[in-house]
Each structure stands twice: as C-alpha cells, then as structure tokens.
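Peer 1: pasting the sequence and the predicted coordinates here, then a few questions.
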Amino acid sequence: MSKQDLGLPRRLALVVEPLPGEALLSWLNIMSAEHGGLTRPQTAQITGVLAGEGSLYPLAHGSALYHPHAAKVARIRAATALTESQVAEMFWHRYRGTVLHPLGSRWVDETTRHTLLKWWIDPNALRLCPRCADISGGRWLLAWQLPWVFVCPTHRCYLVEACPTCGRAFTAHRTNPVLDAPHRTPLPNSTQWGQCSAPARELPTVPVQDNELLALQQRLWDALHAPAEQRPEPFGLFQDLWAMACLALFTAHPEHLDGADAVVREAFADYCRAHDGTAGRRFTSAELRGLPVLVHAAVIRTAARIVFGEDPLAAADAVAGLSRDPHSTAIVALRRAWHSSPLRFATRENTARIETVMDVAKYSGPGLAPSLKRRSPTAASATVLCER
C-alpha cells in the first residue's frame, strides 16, 4: 500500500532542515523559496502541515501552528524525513509548561490564536534580530514572537518589531525576510499606498548596554527552554512576572528604570504620557496584547526586580506606592484590567513568591486592602514613615 493510499504526502526530494528553535512559518518560508517560489499555503500542503487540499484557514487562524498532533507529525515526517523532535519544536506546543499552561486537560483548548492570546502571546506578532536573520537567510526563531524575548543575547541588541523607514509592523503571517521583497505601505497623509524597499535583514539595530537586562533576558531564555522535569517552576515564574509586569505597566514611572538604557526609559516615558489619565492609565485590549518591544523590556525589567527581590512586597511598594495609597486610581485601574481580557489570566496561577503583593494589589478597593504591617517588616517600616 502506498503512502498516498494512507493519506500521506509524497516524499520531497529537497528538504531544508529547520534551525534549532525555528518557527514553523519561518521554515515554510525557506521551503517555499527552495521549491521555486510556491506560496506558503501550497508549501504547507506539500510538506504535510496541512492535510490535502482542504481549507487554508487553520494555517492563518486555526490549529495548524499550535499542536503537533500525531497525524500531522506523521504527514510532515513522511514528506520531509525530519525527526519527530524537529517537527514538534516548530509548534507553539513546545512552550507548554513555561509560558503556556502545563500539558494536561487545559491544553486541549490551547489550539487556536484566540486561546494563545489568553496567555499574553500574540502568535501573529514578530520581532527580528536583523543580524541573525541575515546570517540565516531570513529565518526567525519562534521565541522571538514571545513577549518575554526582547533582546538578542548573541548580538546584544534589541529586537526590531517594525520597519523604521515606513513604520509598518512585522507580522508572522505577512513578513517574509527570506524573500525580503518590497512591501506595500500607506503613504503619509494620503489614502494611497506605496512601496517600501527597506530590507528587513539590513535594518539598523540598537545595542544593549544594560547588563541587568542582558542577564535577565538570558535567565528568561534558559527558563523558556528548561527541561520538561523542571517546567512547573518556570510556569509559575512567568505567571508571577506577568502579574508584576501588569503592575509596572499601570503604576511605574521612568525613574524606576535606573540603570536601564536611555532608549528604554524614553520609550516607557512616552508610552506613559500617551496613556496617563485622571483615572489611571488607560489601554485598549489590542494595546495590552501587543506592547512595543522597548515597553515590554521596561515593564518586565521592573517586574523582575519585584519577583526576584529579597522582599517582593517592599519592591512592589517602591514602584506602586501601596503603603501610601492602596486605593489609588492607578491600582484601581490595574485591578480592573486584571478582571478583564487580555490580562484576566495574569492572576490565575501565581505562586507564593508574590502572594503578599497580590493580597494588597488585587484587593485594593476601599476597605478591601489587607494591612501592609501584617505582611512584611520592610513594608511596615515604609508605612510608618509614610504616616509620619
């Protein structure tokens, strides 16, 4: 019985092996180029990512990129002769137990773009290290699409999320650094469209001088790629960082970024000014899902000082002023955001590491905040000084 009788695709004569950590869409780009410029959906079909001539919807919006189901893995291996691990590592499923909920009954739902958005991940977002992309021929790592990766440790530069010439954001489904062809972009002050020919693989980069941020990025990178037996701890770590990054986004100020690179401080200052209001900072759901890369760096850097500090409550108090006014408009705005999409899951799986912070910050309505004096000696001292 032939492979075709079994519903498996034909073995391809030309197969480019995926890079370690490469995204599935990136691999489809290079395979498309090597097969004479096929479209990405056509390449997905001949490589077994999509079954037969069916709908292309799963590639853009559905389950094709998320879970390496046994039938899908069998199709891809039949067409490409890749190993099972090479196939599986290109799917979002590889981050289960780190930034996605550990494998179990809840993972059944983690098969679409919508469900990944619940965990602060936009699978259409894309950031690039132009130097890495140039060396690899325009390919990118799946980790670059995560909000937790904002620096390339190899080249010590910030990742780039948009073309600096035209301002168009990179997206996983529309950006193809392999071809690096000119892209359509709206002309300024016009309803017309033009062409931008700035090559993504030659874009300028901003060097990272902040050693604290470099060390943090390496720590997060190691946690993202932790062995399976260590994954319960990384998942809790990222949940704590996410909750505290939210706190930083709603309450922190540029002065809390001491030691950070000027570009990060300036980007965060501009973002704060653009969203500050009389009732706290206001963000749309789309803005909360897709913060600029330098703003991500700012809030996660601030969150790390809280989560990894000796006294998380005291560190959070220094940022959010919990002892001065646990009922402030900033905290109330944060609490409201924690109860709605897309930040609703940020407070679902926190660990004991930030329990004292969450006791105060999450229940900050009038009459609801627990006394800081019962939570931390350091915070209690801060409260006494404040009262004086």
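Peer 2: Cool, the structure landed.

Peer 1: what about the protein, any weak spots by pLDDT?
Peer 2: In the predicted model of the chain, residues 1-8, 52-57, 61-62, 103-112, 181-195, 197, 228-232, 364-388 satisfy pLDDT under 70.

Peer 1: now do the strands in the stretch 51-200 of the chain.
Peer 2: Secondary structure of the stretch 51-200 of the chain (DSSP state E, counting those that start in this stretch): strands located at 151-152, 157-158, 183-186, 193-196.

Peer 1: what about the closest residue to residue 40 other than its chain neighbours, which SS state?
Peer 2: Of all residues not flanking residue 40 in the chain, residue 28 sits nearest, at 5.1 Å (C-beta to C-beta, 6 or more residues apart in numbering). Placement of C-beta: from N, CA and C, glycine included. Remark: residue 28 carries the secondary structure label helix [criterion: DSSP: H, G, I helix; E, B strand; the rest coil].

Peer 1: show me which residues of the host helix or strand of residue 214 are buried.
Peer 2: Secondary structure from DSSP states H and E places residue 214 in helix 211-224. Of the residues in helix 211-224, 213, 216-217, 220, 223-224 count as buried by neighbour count, 16 or more other C-beta atoms under 10 Å.

Peer 1: my guess is residue 143 contacts residue 150. True?
Peer 2: No - checked against C-beta atoms under 8 Å, the pair residue 143 and residue 150 is beyond contact range at 10.7 Å.

Peer 1: kindly state the domain boundaries assigned to the protein.
Peer 2: 24-116, 130-202, 224-387 (automatic domain parsing).

Peer 1: any chance of those domains in JSON lines, plus distance to residue 123?
Peer 2: Formatted as JSON lines, the domains of the chain follow (distance: least, C-beta to C-beta, whole Å):
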{"stretch": "domain 24-116", "distance to residue 123": "5"}
{"stretch": "domain 130-202", "distance to residue 123": "6"}
{"stretch": "domain 224-387", "distance to residue 123": "11"}
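
Peer 1: for residue 18, which of those is the nearest?
Peer 2: Closest approach to residue 18 among the domains of the chain is made by domain 24-116 (4.6 Å; C-beta to C-beta).

Peer 1: so how far is that closest one off the chain centroid?
Peer 2: 19 Å (C-alpha atoms, centre = their mean, to the nearest Å).

Peer 1: other SSEs contacting the helix holding residue 214?
Peer 2: Secondary-structure packing of helix 211-224 (3 or more C-beta pairs under 8 Å, 6 or more residues apart in numbering; DSSP states H and E): strand 151-152, helix 232-251, helix 293-307.

Peer 1: of these, which is nearest residue 202?
Peer 2: Among those, strand 151-152 sits nearest to residue 202 (C-beta to C-beta), with 15.4 Å.

Peer 1: touching that closest one from outside, list them.
Peer 2: The contact list for strand 151-152, computed with C-beta atoms under 8 Å, 6 or more residues apart in numbering, reads 129, 131-132, 157-159, 208, 213-214, 217, 297.

Peer 1: what about residue 114, how many residues close to it?
Peer 2: 11 (other C-beta atoms under 10 Å).

Peer 1: just the endpoints, please. Distance across stretch 307-326?
Peer 2: 19 Å (C-alpha to C-alpha, to the nearest Å).

Peer 1: only the buried residues of that stretch, if you could.
Peer 2: 307, 311-323, 326.

Peer 1: now that stretch, how far from the centre of its chain.
Peer 2: That offset, for stretch 307-326, works out to 25 Å (C-alpha atoms, centre = their mean).

Peer 1: pretty sure residue 97 sits against residue 233.
Peer 2: No - assessed by C-beta under 8 Å, residue 97 is found out of contact with residue 233, at 9.6 Å.

Peer 1: when these two are compared, which one has more neighbours?
Peer 2: residue 97 (21 against 14).

Peer 1: show me the contacts for residue 233.
Peer 2: residue 226.

Peer 1: kindly report the same for residue 79.
Peer 2: Shown in contact with residue 79 (C-beta under 8 Å, 6+ apart): 8-12, 46-48.

Peer 1: buried ones among these?
Peer 2: Buried among the contacts of residue 79 by 16+ other C-beta under 10 Å: 8-9, 12, 46-48.

Peer 1: excluding chain neighbours, give the residue nearest to residue 217 in space.
Peer 2: residue 151 (4.3 Å).

Peer 1: burial measure for that neighbour, as a count.
Peer 2: As a burial measure, residue 151 scores 24 neighbours (other C-beta under 10 Å).

Peer 1: can we start the residue count at 264 from this point?
Peer 2: Sure thing, new numbering starts at 264, so read that last one as residue 414.
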